[in-house]
Structures are given as structure tokens and as C-alpha cells.
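Enquirer: next one to model:
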Amino acid sequence: MPADEQRVLASLPEREPLIARRVDLLDDGDTFETLPQPHAGTLPGLRPGHALRTVLVTGEPLKLAEFIDGALRVQRHAENLTLARAAPHEGHGVINPVPMSSGAANAASVQRSTAARVTWRSRLGGAAHRAGMISLAIVALAALYEGYDGLWRATDWTWPFHADDTTLPHLWTIFRAFADPAQVNQPLLFSVLLHKALFTAKEAFAGFVLGAVFGFALGAALAHSKLLQRGFLPYIVGSQTIPILAIAPMVVIWVNPKLPAGMQGWGAVAVISAYLTFFPVAVNSLRGLNSADPRMLELMRSYAASTWTVLWKVRFPASLPYVFSALKVAATASVVGAIIGELPSGLQSGLGGAILNFNQYYSIEPQELWATNIVAAALGIIFFLAVLGAEKAVVRRAPERRA
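Expert: Numbering: from 1, shown residues only. Next up, the predicted model:
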């Protein structure tokens, strides 16, 4: 090269590349220390969420590298904990713990046993506290009921209604009815209501599962299409404004002939129960699937992950708190839907038939209808507690929620 050209090139100021001092950060596992960089202008033809922006836009590779570095640190920490726990028991020689003296080993053993006892004591104490609060609430409600009944009878007040043995029977009269025959020469009322509650529970559980699956599938479809949201969401909301008593007879007439012989009757009731169940699940699933971290979605797009992979790896875990909140509402709604669906279907094997039957004799024996209402409420509480237990087992034990 001629000398004059060399002098010209040497006089030119050095220019930094488009992405300055960023490539070496991807290979460095230490903490990132960067200088402020001017952000590049908007790139024509590329959406804000396009994967190429992580390559072409200044500053985006740094965010991606920081995200990957944090994930690698968590993974290395988890591997170290796993090896530290497994090495003393498996003896693979991966990690050689420092030998301890017998006194130190005994002290560590005593410390671990003490911590275990403290943990169990705290758990038992928390369970006892919750049981005591629930018992106190039940006693308070019973005292309020009997206090209201006694005060209105003593003062002969008639607002909002007159209190007597028909309108407000005593609690001991209601619970004593469980030990009396439902009718002459018939089994005890408790036995009759227990069998009817099991039949209604079968219908409610089938409707709950059907409505939950359909509601989540509908929410997932709406979460992936804005067009479907604008087109179907108003009709989904409007479907819940129709009284269930108006829909139940039509569902029984439409669905019953198409069901197998063993499912006719209670299968149509399960569909009615699913009608009340799917709506909260669909709405909350849509909200939960759209609540995923945008950085996680951007990372999955940069990996060219499929829609199905993004749904189950990112969106579904993020939606679990929302879904379980909806399932707790849907659990009690499924019981209500099953009881209402038994009325137009003419089924006498469930709680709906018992309510319809005891309603005819309410002026003579009101305690039987009150006892049936207590059993129906207990069935709804059992469904709610089952969903609550599943939520504690699934959501609160998730890795991202552990301290």
C-alpha cells in the first residue's frame, strides 16, 4: 500500500462496531458491567416483537444475555444443591464433604431433628388454629340464628317475617330430623340424603370436569386470536344472562336422546352443570394465559418455539393462579347446576328431587327441607375444599413459588 494511503487511513478516527462490546458478554459468566449505549432507531419492516430485533437492535442482545446468565446461575445453583444432597447418601464421589468429628455429627443430627420437630409443631399449630377459627365461626352463626329466632318470638316482631316453627325451626329440631325416618317404614333421613347427595355429586363432578376442560380450551383459543375475542367474547358473556331454569328443559330434550342408555337422565344434568361451570373458567383462563411475562415470550420466540410449546411451557404455568381461582367458583356452581338440572329432568335420585318432594310438605315438616339444604351446602363445601387442596398441591409447590 502506498505511503500516502497509509497516512490517510491512520488519520481516520477509529469507529466502534454497530453492537459495541456485546459479543464477548455472551461468553462471560460473570456479572455484566456495561456502559450506557444509545438505542438504535426504529427498524422499518420489523415488528416490536420480531425475533430479528434481538440481533439488529442495540441493547437487546444485552438483555438476552443477562436473562440467559441468570437462568444459568439458577441452574448451576440447583445442580450444586442436588449433588450436595445426593453425595452423602449415594456415595458417587461427586462431592466429597469435609469429614466431621463425632461430636459435630451428633450436633448436626440434633439440630436437624429439632428443626423437623419445630416444623411439624408449627404445622400442627397452624392446623389447630384454622380448625379453631372455623369452629368459632360455626358456633357464632348458630348463636346468631338462635338469637334472632328467640328475639323475634319473644317480641312478636313481624319484620322482615314472623318467626315460628315453620319459618325458623330450631337447630336441634333440624339435626334431630336426620335420625328420624324420612317417611313411615322408610330408612333414616340421613341415609336417604346421603345416597341422594352421592348421586348429585356424580352429576356435578361430570359437569365440573366437562365445563372446566371446555372453558380452558375456549380461553386458550381466544388468547391466541384477537379476532375470536372480538367475535365470541360478547356472546359468551351474554350466555350467562339467560336463566338456567329456561335452558334446562331444552337441554334435557336435546341431549337425552343422543346419550347412551346408561347416561340418559344424569348425563343431561351434567351438561346443565357444565353450562354454569365453563364461563368463569373461560374468562379467567383468558386472563391468565395473557398474563405471561413478555420477556419469556420474547425468549421463546427467539428460540423459534412453536405455539404449542409456548402454551405449555410459558402461558399455562402463568395462568394456574387464575385458573384455580375460577375452579373454586365453578366447583360450587356445578353443584347448583346439578340440583337445578334435576328438576326438569324428573330425576328423584338426587338432591333436586328431594328438595322438590320435601317442599310439598314444608308446612307440616319444615325440618326435612332444612336438612336437605344443609346437605346440599355441605356438598358444595366439599367440592370447594377439593379444589383448594389441589391448588395448594400444584400452585404453591411450583418451583417458581418456592423461597
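Enquirer: is the residue lying closest to residue 255 once chain neighbours are set aside in a helix, a strand, or coil?
Expert: Excluding the flanking residues, the one nearest residue 255 by CB to CB, 6 or more residues apart in numbering is residue 268, at 4.3 Å. In short, each C-beta sits where N, CA and C put it, glycine included. Applying DSSP: H, G, I helix; E, B strand; the rest coil to residue 268 yields a three-state assignment of helix.
Enquirer: residue 268 against residue 258, yeah?
Expert: No - Residue 268 lies out of contact with residue 258 (CB atoms under 8 Å); the separation is 9.4 Å.
Enquirer: more neighbours: which of those two?
Expert: Neighbour totals were compared for residue 268 and residue 258, and residue 268 leads with 26 against 10 (other CB atoms under 10 Å).
Enquirer: next one: the more buried one from residue 157, what distance?
Expert: Residue 268 is 45 Å from residue 157, where distance means CB to CB, to the nearest Å.
Enquirer: cool, residue 300 as well?
Expert: Counting by CB to CB - residue 300 and residue 157 are separated by 66 Å.
Enquirer: for residue 166, same thing?
Expert: 16 Å.
Enquirer: ditto for residue 164
Expert: 12 Å.
Enquirer: now residue 395
Expert: 48 Å.
Enquirer: repeat for residue 340
Expert: In terms of CB to CB, residue 340 sits 33 Å off from residue 157.
Enquirer: the two: who's more crowded?
Expert: residue 340 (20 against 13).
Enquirer: helices of the stretch 151-300 of the chain, start to end?
Expert: Assigned by DSSP state H, counting those that start in this stretch, the helices in the stretch 151-300 of the chain fall at 171-177, 189-223, 226-239, 244-255, 266-289, 294-302.
Enquirer: wait, residue 323 touches residue 286, no?
Expert: No - in this structure, residue 323 is not within contact of residue 286 by CB under 8 Å, at 10.4 Å.
Enquirer: residue 187: neighbour count?
Expert: That count, for residue 187 with other CB under 10 Å as the rule, works out to 12.
Enquirer: pretty sure it is touching residue 181, no?
Expert: Yes - counting by CB under 8 Å, residue 187 does reach residue 181; the two are 6.8 Å apart.
Enquirer: shared neighbours of those two, anything?
Expert: Listed as contacting both residue 187 and residue 181 by CB atoms under 8 Å, 6 or more residues apart in numbering is no residue at all.
Enquirer: kindly calculate the angle that the helix or strand containing residue 319 makes with helix 294-302.
Expert: Assigned by DSSP states H and E, residue 319 falls within helix 316-345. For helix 316-345 against helix 294-302, the angle by axes from the mean of the first three to the mean of the last three CA atoms, to 10 degrees is 100 degrees.
Enquirer: next, the buried residues of helix 316-345.
Expert: 316-319, 321-345 (16 or more other CB atoms under 10 Å).
Enquirer: if anything else comes up later, I'll come back, but that's it for now.
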